[in-house]
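Asks: Pasted the sequence and its predicted model underneath.
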Amino acid sequence: MERTEIKTLFDNVQENESEITVAGWVKTSRESKNIAFIELNDGSCFKNLQVILESSKFEDESNYKRVANAAVGSAVIVHGKLILTPEAKQPFELNADSAEIVGVVEEGYPLQKKRMTPEFLRQFPHLRARTNTFGAAFRVRSESAFAIHKFFHDNGFVYVHTPLITGSDAEGAGAMFRVTTIDPANPPRQDDGSVDYSQDFFGRETHLTVSGQLEGESMAQAFGKIYTFGPTFRAEKSNTTRHAAEFWMIEPEMAFCDLDGYMDTAEAMVKSCVSYLLDNCPDELDFFNRFYDNNLLDKLNKLVKSDFVRITYTEAVSLLEPHNNEFDFKVYWGCDLQSEHERYLTEKIYNCPVFVTNYPKEIKAFYMRMNEDNKTVAAADMLVPGVGELIGGSQREERLDVLINRMLELGMNPDDYKEYLDLRRFGSTKHAGYGLGFERFLMYVTGIGNIRDVQLYPRTFGVLQ
């Protein structure tokens, strides 16, 4: 069967005297006096195709009745002619000569024509992509991934695949999933009673990665500019709308680059990707603008045209402290800024994205470059309206002695990071990088407020869908 995709019809609107074949799933159907109307979607684009069925054209009246009253979700193949309808809501419709149901919907199908809440639809992750919201969300996800790859490819970055199984903790936080083949009911023990991981598959304790940064830095010291784009894992017992146990990260690393260079690249990347989505996902973004955030398109268009603000952490604290009576968590120098603080900066004070730089060393990771004051590090977080932190990054510590001292200060064993330290011994350069949580970006560009609704099968604390 040679079929025509609905997207092809919308991309090239013209009347077609020859018969075409389309195949898709019924979004709505209604019958009135020997004529029926079906909204059909085949997944090739957000728009539906209106199909007109006339009983007089069907030799088998019972088949006409079956198709005319097809349940939502039924898979249908239609043969007919495309007729332009410039006076109607839709630019054209398909006048069916014949049609058949090839995939029936049994009783108990949970998706109906009425509007359903995201909470309800999370019960059916295997079906929810068929709804308008999730169809749009996952198409934007696909186009966003392409836009990100395109930006880095066009700017001379090398795409690298870093390992998902690791023996080191890039963030030093310890919130990692263990990877093991040891029998949990009868693990081998050392003399002190602890588990003997030397008998495990890799001969040592291993985990799922929280970041590809450490391995990415090694490639940056060979290629100059690289990026990773893949899944990462955090075993944080957090049950918020912004956190997931499994999510995707984009992590560029750039040699001969400082903190300003990182911020320049991050700003250009976000603007490039948002511009791409505005050009290539107009129907999806219009849907989100109408049903999720009626300021979404204005916000995205403004982002593309605006210069991001850059302030220090100390300046941010001084701006926020006068508003402490408006926050659940009080702001003070040395605190880790909460989402409410980040959003206040972007939504109330500046009304645009903001980079906050030079955080206290106590609240940042060991690999961030120490500033001359020995109190702050050359870190910068990109904060955006509606989400808060979108990107976190820093200039990396390239000085071997300073990096080792910082590890010891945090109780880390430098022997566990021998290869990482070798990068400082053998041709070390000033370098910087950042991490973009892909799902956070998707939440920002769609207006969807829960990370569970931009993932196909969310993995969150206590839930494996």
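Replies: Done, it's in.
Asks: only C-alpha atoms for contact and neighbour calcs from this point on.
Replies: Will do.
Asks: which residue ranges form the strands in the stretch 301-450 of the chain?
Replies: With DSSP state E, counting those that start in this stretch, the ranges of strands along the stretch 301-450 of the chain come out as 309-312, 354-360, 376-384, 388-395, 431-437.
Asks: Please save the CA atoms from the longest one in CSV.
Replies: This points to strand 376-384. Below are the C-alpha coordinates for strand 376-384, written out as CSV (Å, rounded to 0.1, in the frame of the first residue of the first chain):
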residue,chain,number,x,y,z
THR,A,376,33.9,31.8,45.5
VAL,A,377,34.3,29.7,42.4
ALA,A,378,34.0,30.6,38.7
ALA,A,379,30.5,29.1,38.3
ALA,A,380,27.5,30.4,36.5
ASP,A,381,23.9,29.3,36.4
MET,A,382,21.5,30.3,33.7
LEU,A,383,18.1,31.1,35.2
VAL,A,384,15.0,31.5,33.0
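Asks: what helices or strands is that strand leaning on?
Replies: Where contact means 3 or more Cα pairs under 8 Å, 6 or more residues apart in numbering; DSSP states H and E, strand 376-384 is packed against helix 259-280, helix 339-343, strand 354-360, strand 388-395.
Asks: Distance from that strand to the middle of the chain?
Replies: In terms of Cα atoms, centre = their mean, to the nearest Å, the centre of strand 376-384 is found 20 Å from the chain centre.
Asks: What are the contacting residues of that strand?
Replies: Applying Cα atoms under 8 Å, 6 or more residues apart in numbering, the contact partners of strand 376-384 are 259, 263, 342-343, 346, 352-361, 364, 368-371, 389-396, 444.
Asks: Return the set of buried residues in stretch 356-368.
Replies: Of the residues in stretch 356-368, V356, T357, N358, Y359, P360, K361, K364, A365, F366, Y367, M368 count as buried by neighbour count, 16 or more other Cα atoms under 10 Å.
Asks: and if you look at stretch 200-216?
Replies: By neighbour count on 16+ other Cα under 10 Å, the buried set for stretch 200-216 is 200, 205-216.
Asks: first vs last residue of that stretch, how far apart are they?
Replies: As for stretch 200-216, its first-to-last residue distance stands at 26 Å under the measure Cα to Cα, to the nearest Å.
Asks: Least confident of the buried residues of stretch 200-216?
Replies: Per-residue confidence across these is lowest for L214, with 88 (pLDDT).
Asks: Okay, buried residues for stretch 185-198 please.
Replies: In terms of neighbour count (16+ other Cα under 10 Å), stretch 185-198 has its buried residues at P188, V195, D196, Y197.
Asks: do the same with stretch 97-105
Replies: D97, S98, A99, E100, I101.
Asks: any idea whether the last one is helix, strand or coil?
Replies: Read that as I101. Three-state secondary structure (criterion: DSSP: H, G, I helix; E, B strand; the rest coil) places I101 in strand.
Asks: what bridges to it?
Replies: Each beta-bridge partner of I101 is listed here, defined by DSSP bridges: V76.
Asks: Looking at this structure, which strand is longest?
Replies: strand 16-32 (DSSP state E).
Asks: What are the buried residues along it?
Replies: Under the neighbour-count criterion of 16+ other Cα under 10 Å, strand 16-32 has I20, T21, V22, A23, G24, W25, V26, K27, T28, S29, E31 buried.
Asks: you'd agree the third one is up against E5?
Replies: Right, V22. Yes. Taking Cα atoms under 8 Å as the definition, V22 is a contact partner of E5 at 6.5 Å.
Asks: Find residues that contact each of these two.
Replies: Between them, V22 and E5 share no contacting residue under Cα under 8 Å, 6+ apart.
Asks: about what we covered before: next helix or strand past the longest strand of the chain?
Replies: Note on strand 16-32: by DSSP states H and E, the next helix or strand toward the C-terminus is strand 35-41.
Asks: Can you name every helix or strand that the helix or strand hosting L82 contacts?
Replies: Assigned by DSSP H and E, L82 falls within strand 75-84. For strand 75-84, the contact count by 3+ Cα pairs under 8 Å, 6+ apart identifies strand 16-32, strand 92-103 as packing neighbours.
Asks: pLDDT value on the nearest residue to M368 once chain neighbours are set aside, please?
Replies: Leaving aside its chain neighbours, M368 sits nearest to R396 (4.7 Å; criterion: Cα to Cα, 6 or more residues apart in numbering). Confidence at R396, expressed as pLDDT, is 97.
Asks: Share the number of residues neighbouring R396, please.
Replies: One way to gauge burial is a neighbour count; for R396, by other Cα atoms under 10 Å, it gives 28.
Asks: still on that earlier bit, would a markdown table of the buried residues of stretch 97-105 with pLDDT be doable?
Replies: Compiled in a markdown table, the buried residues of stretch 97-105 are given as follows (pLDDT from 0 to 100):
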| residue | pLDDT |
| --- | --- |
| D97 | 93 |
| S98 | 93 |
| A99 | 95 |
| E100 | 95 |
| I101 | 96 |
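Asks: Between these, which sits nearest V72?
Replies: The shortest separation between V72 and any of the buried residues of stretch 97-105 is 11.7 Å, and it belongs to I101 (by Cα to Cα).
Asks: so that closest one makes contact with I77?
Replies: Yes. With contacts counted by Cα under 8 Å, I101 reaches I77, the gap being 6.5 Å.
Asks: before we move on, the earlier item: figure out how far the strand holding L82 is from the centre of its chain.
Replies: Relative to the chain's own centre, strand 75-84 is displaced by 35 Å; criterion: Cα atoms, centre = their mean.
Asks: Please apply the same query to stretch 349-366.
Replies: If you compare the mean C-alpha spot of stretch 349-366 with that of the full chain, they lie 22 Å apart, counting by Cα atoms, centre = their mean.
Asks: For the protein, give me the ranges with low pLDDT.
Replies: Low-confidence regions of the chain, defined by pLDDT under 70, span residues 1, 16, 170-174.
Asks: strand partners of the longest strand of the chain, parallel vs antiparallel please.
Replies: Strand 16-32 has its sheet partners listed here by DSSP bridges as strand 35-41 (antiparallel), strand 75-84 (antiparallel).
Asks: Please tell me I have it right and L300 contacts V274.
Replies: Yes. If you go by Cα under 8 Å, L300 and V274 touch, sitting 6.8 Å apart.
Asks: Are there residues contacting both of these two? Which ones?
Replies: With contacts defined as Cα under 8 Å, 6+ apart, the residues adjacent to both L300 and V274 are V445.
Asks: circling back: between strand 92-103 and the longest strand of the chain, find me the angle.
Replies: With axes from the mean of the first three to the mean of the last three Cα atoms, to 10 degrees applied, the angle from strand 16-32 to strand 92-103 works out at 70 degrees.
Asks: residues in contact with stretch 355-371?
Replies: 171-172, 263, 308-314, 316, 334-336, 375-383, 394-398, 402-403, 406-407, 410.
Asks: gap between D196 and A316?
Replies: Noted for D196: a distance of 48 Å to A316, by Cα to Cα.
Asks: one step back: who are the contact partners of the residue nearest to M368?
Replies: Y367, M368, R369, A378, K430, H431, A432, G433.
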